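Participant: Give the three-dimensional model of this entry:
(one chain, ligands or ions: 2)
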Amino acid sequence: MTPLNLVQIALPVPLRRVFDYLWPADSPHCPAGSRVEVPFGNRTLIGIVVSFSDQSDTPREKLKPIKQVIDRTPVLNDELLGLIIWAANYYQSPIGEALQTALPVLLRQGAPLQAQTSTSEQWWQLTTEGLGLPDNALRKAPQQALLLAHLRANKCCPWSKLKEAGYARDTLLRLRGKGLAVEAQEPPPAPTERPLVLNSEQQAALDAISYKHYQTYLLNGATGSGKTEVYLQAIAQLQQQRAGAQTLVLVPEIGLTPQTIGRFKKRFGGTLAVLHSGLNDRERLNSWVRAATGEAQIIVGTRSALFTPMITPGLIIIDEEHDTSFKQQDGFRYSARDLACVRAKSLNIPLILGSATPALESLHNAKMGRFQTLPLQQRANRQAAPLIEVIDTVEHNQGLAIPSLQAIKRHLHQGNQVLVFLNRRGYAPTLKCRDCGTVVCCPNCDARLTLHHTPKHLHCHHCDFQRGVLRSCESCHGRNLEPIGQGTERSEEALAKRFAEFPVWRIDRDSTRNKGALESLFNRINSGEPCILVGTQMLAKGHHFPKVTLAVILDVDGGLLSADFRGPERLGQLITQVAGRSGRGERRGEVILQSQNRDHPLLQQLIHQGYGAFADALLSEREITQMPPYAPIALIRADALNADSPRHFLTELKHQLSALAEQHQVQMLGPMPALMEKKGQRYRHQLQLKAHTRHALQTFLATLSMRLEANKAPRDLRWSIDVDPQDMG
Ligand SMILES: Nc1ncnc2c1ncn2[C@@H]1O[C@H](COP(=O)(O)OP(=O)(O)OP(=O)(O)O)[C@@H](O)[C@H]1O
Ligand SMILES: [Zn+2]
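Facilitator: Numbering: from 1, shown residues only. Ligands and ions are numbered 1, 2, ... in the order given. Below you'll find the model as predicted:
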């Protein structure tokens with residue numbers, strides 16, 4: 001049989017494989033990573049060329065030819081294509097789904113790989129001929145001579161400035177006609193800020209970084225220790241050592257504020273590309289292309305920016321590396337932090353992971369010698385870490401305790417700002433009938449409805465179900481419905497009443513929904529007037545409010561009693577991060593924690609010995625219970641409208657794979673209901689897998705995913721595989 005001329009193509013379909021197509025006999029192969037159009041069923045799809053071969057498992061008569069090649073230069077270089085394929089395998093994801101995440105929408109739709117020049121105004125400059133023209137050459141055209149002199153003096157000018165100076169468009173076009181002037185690229189804005197003088201710890205950290213080869217550095221720096229300054233100077237040092245080398249900076253989802261971008265812009269000027277969810281498709285593609293061509297030397301983005309192509313990669317930085325937004329929780333369930341290690345290694349460049357509260361995984365990697373720790377123990381302002389006090393709230397009914405109120409008053413009257421943290425938006429998490437005890441629940445989820453006041457309604461925070469506020473109990477028709485517990489709106493109300501002479505700003509997803517709202521709130525805060533900030537997670541991370549001297553944290557008990565094995569780790573991170581917002585200016589900060597479990601050993605350890613010792617204790621516990629990072633785990637989730645089918649489906653799977661599991665020493669726990677069994681009308685079950693080694697888990701999962709694809713499932717059943725899950729719900 002004559003050998004076939006075949007191409008393997010990754011297609012945007014939910015199957016864990018590539019597809020074989022016939023390549024036109026007389027045409028040379030295109031590079032891997034190029035886009036092609038192919039027939040698929042009765043549709044035409046755009047796919048990515050992965051490789052070529054001469055054999056196929058598909059019978060010859062079923063093979064179809066490709067329709068056409070879209071790209072002359074591939075959209076994905078070998079390095080990036082390799083990373084995506086590796087990641088799809090590791091996370092057991094269909095490669096098409098991984099590509100969906102990695103590629104900008106317009107490229108997926110077939111748009112050309114080009115940045116669109118911005119529609120903003122034209123810039124002009126002289127050509128070499130224009131620059132070298134003798135002074136009297138234009139004496140017969142005095143207007144042109146004047147404009148030429150102007151452009152010679154000002155180098156590069158926008159049209160608006162020339163017009164302002166009184167030049168006519170016509171004169172400019174005449175100069176262009178003579179080959180003396182041309183349209184120019186807008187020059188990148190110049191940096192406006194100089195580097196700070198590093199303290200000795202920052203300097204030691206910077207000196208330890210080598211840009212010549214792969215190494216992951218864990219910049220373990222206390223809150224306010226000046227990690228950002230180390231990032232900025234590392235980028236500058238890299239650029240000094242290797243002109244044009246690019247840096248990729250990943251920040252958490254809510255960390256990519258105009259403040260952050262502003263900091264990079266001020267230091268590096270316009271050689272920056274930004275990638276986040278707020279961009280439109282065109283802007284996203286522009287940033288991608290600017291990174292691919294090397295025009296952008298620094299790329300700052302959230303999770304999926306990890307997949308940005310770079311022509312001269314030099315450094316990757318992940319700020320707040322412990323943040324859960326680096327793990328995608330649906331579709332292609334990858335961890336950008338973990339993949340950054342893989343990418344940096346394959347590019348042979350350094351990776352800096354920064355955090356005041358590193359993930360247990362990262363601390364473990366550092367202990368095992370895989371990461372190099374760069375400690376920053378002191379605050380950049382030389383202040384001691386904030387003073388933390390826990391107060392018992394058994395008798396205080398979840399509101400603000402009296403000692404907290406007294407402290408707030410004291411700090412406000414001293415001209416400072418106060419932050420009140422509570423991780424629950426809305427007015428109250430529960431609406432309860434005082435007569436019969438019934439609580440109002442979501443019809444779609446195993447969850448209570450949260451009462452909101454602005455606007456007034458009941459809201460499920462899990463499935464988004466909304467309804468008007470009930471007037472009477474649906475069980476006993478009694479009219480005594482009572483809000484129980486505190487949300488940010490209720491705390492805001494109570495604080496505004498109590499401290500009427502000071503502004504109270506609420507910062508949560510509801511109050512910052514409008515574009516620019518968060519930015520204007522931050523501006524108010526940074527004006528420094530005494531005020532109270534009430535807010536959720538959004539307030540916890542990375543912000544620098546120098547006038548905040550007191551942080552009050554309400555209700556830390558949820559995390560201590562959480563059913564998720566990561567609950568305590570997350571709580572320790574949250575408390576440390578919120579506490580770290582206090583005392584970043586001239587005065588030492590104070591922190592008050594309100595808890596009903598004041599003597600809990602973990603809480604006591606966190607407060608008295610700090611996050612490091614706390615994390616060590618959690619790591620020992622994980623070692624004893626053989627949980628991550630000591631044993632890798634994966635979750636197989638299934639959900640359906642029918643309450644029984646997810647459990648049946650997973651039980652059958654477990655049964656099919658039990659011999660293989662034994663062979664690879666993989667433990668299968670469950671199936672068990674998810675922490676919230678019913679969510680959005682669907683019933684959810686899961687099977688937890690645990691192995692001794694990553695290799696064993698991977699080998700097992702490869703077979704499992706094939707089995708899952710082959711198994712017949714009820715039509716409405718959905719399943720997914722989550723490798724290294726971050727959320728056990
Ligand atoms: N060497 C330095 N000299 C003076 N000020 C500094 C120095 N380094 C950093 N700072 C200032 O200290 C403040 C805190 O720095 P930064 O926000 O980088 O801290 P961080 O380590 O990122 O903290 P967090 O983890 O809490 O966000 C900033 O205002 C920064 O300008
Ligand atoms: Zn719901």
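Participant: Domain parsing of this structure, as residue ranges.
Facilitator: In terms of domains, the chain is parsed into 6-108, 123-184, 200-376, 387-428+485-623, 633-723 (source: automatic domain parsing).
Participant: OK, now which residue of this structure is nearest to ligand 1?
Facilitator: residue 226 (2.9 Å; CB to the nearest ligand atom). No exception for glycine: its C-beta is placed from N, CA and C like everyone else's.
Participant: Burial check on that residue, number of neighbours?
Facilitator: Residue 226 has 21 neighbouring residues, counting by other CB atoms under 10 Å.
Participant: list the contacts for it?
Facilitator: Contact analysis of residue 226 by CB atoms under 8 Å, 6 or more residues apart in numbering lists 196, 198, 199, 202, 376, 379, 380.
Participant: any weak-confidence spans in the chain?
Facilitator: For the chain, the stretches flagged by pLDDT under 70 are 1-2, 115-121, 186-189, 255-256, 394-398, 541-542.
Participant: So which residues on it come close to ligand 2?
Facilitator: Within the chain, the positions lying close to ligand 2 (CB under 5 Å from the ion) are 442, 444, 445, 460, 462, 463, 465.
Participant: Enumerate every residue touching the closest residue to residue 584 other than its chain neighbours.
Facilitator: Distances taken as CB to CB, 6 or more residues apart in numbering place residue 224 nearest to residue 584, at 4.7 Å, with adjacent residues excluded. Neighbouring residues of residue 224 by CB under 8 Å, 6+ apart: 379, 380, 381, 383, 544, 580, 583, 584.
Participant: My guess is the third one contacts residue 589. True?
Facilitator: Right, residue 381. No. Using CB atoms under 8 Å, residue 381 is not in contact with residue 589, being 10.3 Å away.
Participant: out of these two, which sits in the busier spot?
Facilitator: Neighbours were counted for residue 381 and for residue 589 using other CB under 10 Å; residue 589 has more, 27 against 15.
Participant: Just give me the neighbour total for the residue nearest to the more buried one when sequence neighbours are not counted.
Facilitator: Leaving aside its sequence neighbours, residue 589 sits nearest to residue 583 (CB to CB, 6+ apart; 2.2 Å). When neighbours are defined as other CB under 10 Å, residue 583 has 27 of them.
Participant: which SS state does residue 583 fall under?
Facilitator: When classified by DSSP: H, G, I helix; E, B strand; the rest coil, residue 583 comes out as coil.
Participant: distance of it from residue 419?
Facilitator: 11 Å (CB to CB, to the nearest Å).
Participant: what do you get for residue 666?
Facilitator: Distance, residue 666 to residue 419, using CB to CB: 46 Å.
Participant: which of the two has more neighbours?
Facilitator: Higher neighbour count among residue 666 and residue 419: residue 419, with 30 against 23, using other CB under 10 Å.
Participant: The helix or strand hosting that one pairs with which strands?
Facilitator: Using DSSP states H and E, residue 419 falls within strand 417-421. Partners of strand 417-421 in the sheet, by DSSP bridges, are strand 532-535 (parallel), strand 548-553 (parallel).
Participant: Can you convert these into CSV and add a column each for mean neighbour count?
Facilitator: Below are the strands paired with strand 417-421 laid out as CSV (neighbours: other CB atoms under 10 Å):
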stretch, mean neighbour count
strand 532-535, 26
strand 548-553, 26
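Participant: Same list (these) but as CSV, adding distance to residue 168.
Facilitator: Shown next, in CSV, are the strands paired with strand 417-421 (distance: least, CB to CB, whole Å):
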stretch, distance to residue 168
strand 532-535, 54
strand 548-553, 56
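Participant: Run through who's touching the strand holding residue 419.
Facilitator: Strand 417-421 has contacts (CB under 8 Å, 6+ apart) with 400, 408, 411-412, 491, 495, 525, 528-536, 539-540, 545, 547-554, 578, 581-582.
Participant: now swap in stretch 81-95 and tell me
Facilitator: Stretch 81-95 is contacted from outside by 10, 13-18, 32-33, 48, 50, 74, 76, 97-99, 102, 307, 331-334, 339, 342-343, 346, 634, 698, 701-702, 704-705, 721, 723, using CB under 8 Å, 6+ apart.
Participant: And those residues, which of them are buried?
Facilitator: By neighbour count, with 16 or more other CB atoms under 10 Å, the contacts of stretch 81-95 hold 10, 13, 16, 18, 32-33, 48, 50, 74, 76, 97-99, 102, 307, 332-334, 339, 342-343, 634, 698, 701, 704-705, 721, 723 as buried.
Participant: number of nearby residues for the residue lying closest to residue 548 once chain neighbours are set aside?
Facilitator: In space, residue 548 comes closest to residue 417 once its chain neighbours are excluded; the distance is 4.6 Å by CB to CB, 6+ apart. Residue 417 has 26 neighbours, counted by other CB under 10 Å.
Participant: where do the helices sit along the stretch 1-150 of the chain?
Facilitator: Remark: helices assigned in the stretch 1-150 of the chain by DSSP state H, counting those that start in this stretch are 78-90, 95-102, 105-108, 128-132, 142-154.
Participant: so which of those helices is the most packed in?
Facilitator: When those are scored by mean count of other CB atoms under 10 Å, the highest mean neighbour count falls to helix 95-102 (a mean of 22).
Participant: so how far is that one from its chain's centroid?
Facilitator: With CA atoms, centre = their mean, to the nearest Å as the basis, helix 95-102 stands 17 Å off its chain's centre.
Participant: How about stretch 531-546?
Facilitator: So, by CA atoms, centre = their mean, the centroid of stretch 531-546 is 18 Å from its chain's centroid.
Participant: May I see the buried residues of that stretch?
Facilitator: Residues of stretch 531-546 classed as buried by neighbour count (16+ other CB under 10 Å): 531-543, 545-546.
Participant: That stretch: end-to-end distance?
Facilitator: 13 Å (CA to CA, to the nearest Å).
Participant: So which residues make contact with the strand ranked longest in the chain?
Facilitator: Secondary structure of the chain per DSSP state E: the longest strand is strand 667-679. Applying CB under 8 Å, 6+ apart, the contact partners of strand 667-679 are 444-447, 462-463, 563-564, 637-639, 643, 646-647, 650-651, 654, 657-658, 661, 683-691, 728-729.
Participant: Report the buried members of these.
Facilitator: When the contacts of strand 667-679 are checked for burial by 16+ other CB under 10 Å, the buried set is 444-447, 462-463, 637-639, 646-647, 650, 654, 657, 661, 683-691, 728.
Participant: which residue ranges form the strands in the stretch 251-400 of the chain?
Facilitator: With DSSP state E, counting those that start in this stretch, the ranges of strands along the stretch 251-400 of the chain come out as 272-275, 298-301, 313-319, 350-355, 371-376, 387-392.
Participant: For those strands, could you give me CSV that also reports mean neighbour count and distance to residue 125?
Facilitator: Compiled in CSV, the strands of the stretch 251-400 of the chain are given as follows (neighbours: other CB atoms under 10 Å; distance: least, CB to CB, whole Å):
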stretch, mean neighbour count, distance to residue 125
strand 272-275, 24, 23
strand 298-301, 25, 25
strand 313-319, 24, 30
strand 350-355, 25, 38
strand 371-376, 19, 44
strand 387-392, 16, 59
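Participant: Can you pick out the ones from the buried residues of stretch 531-546 that are in strands?
Facilitator: Residues of the buried residues of stretch 531-546 located in strands (DSSP E): 532, 533, 534, 535.
Participant: if we can go back for a sec, who touches both of residue 583 and residue 419?
Facilitator: Counting by CB under 8 Å, 6+ apart, the contacts common to residue 583 and residue 419 are residue 548.
Participant: so how far is residue 174 from the residue located most distally from the centre of the chain?
Facilitator: Ranked by distance from the centre of the chain (CA atoms, centre = their mean), the top residue is residue 140, with 61.5 Å. Using CB to CB, residue 140 is found at 12 Å from residue 174.
Participant: swap in residue 607?
Facilitator: Separation of residue 607 from residue 174 (CB to CB): 75 Å.
Participant: Equivalent analysis for residue 215, please.
Facilitator: Distance, residue 215 to residue 174, by CB to CB: 58 Å.
Participant: Residue 657 now?
Facilitator: Per CB to CB, residue 657 is found 78 Å from residue 174.
Participant: Just put the strands paired with strand 417-421 in CSV and tack on distance to ligand 1.
Facilitator: CSV is the format used below for those (distance: least, CB to the nearest ligand atom, whole Å):
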stretch, distance to ligand 1
strand 532-535, 16
strand 548-553, 12
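Participant: All set now, cheers.
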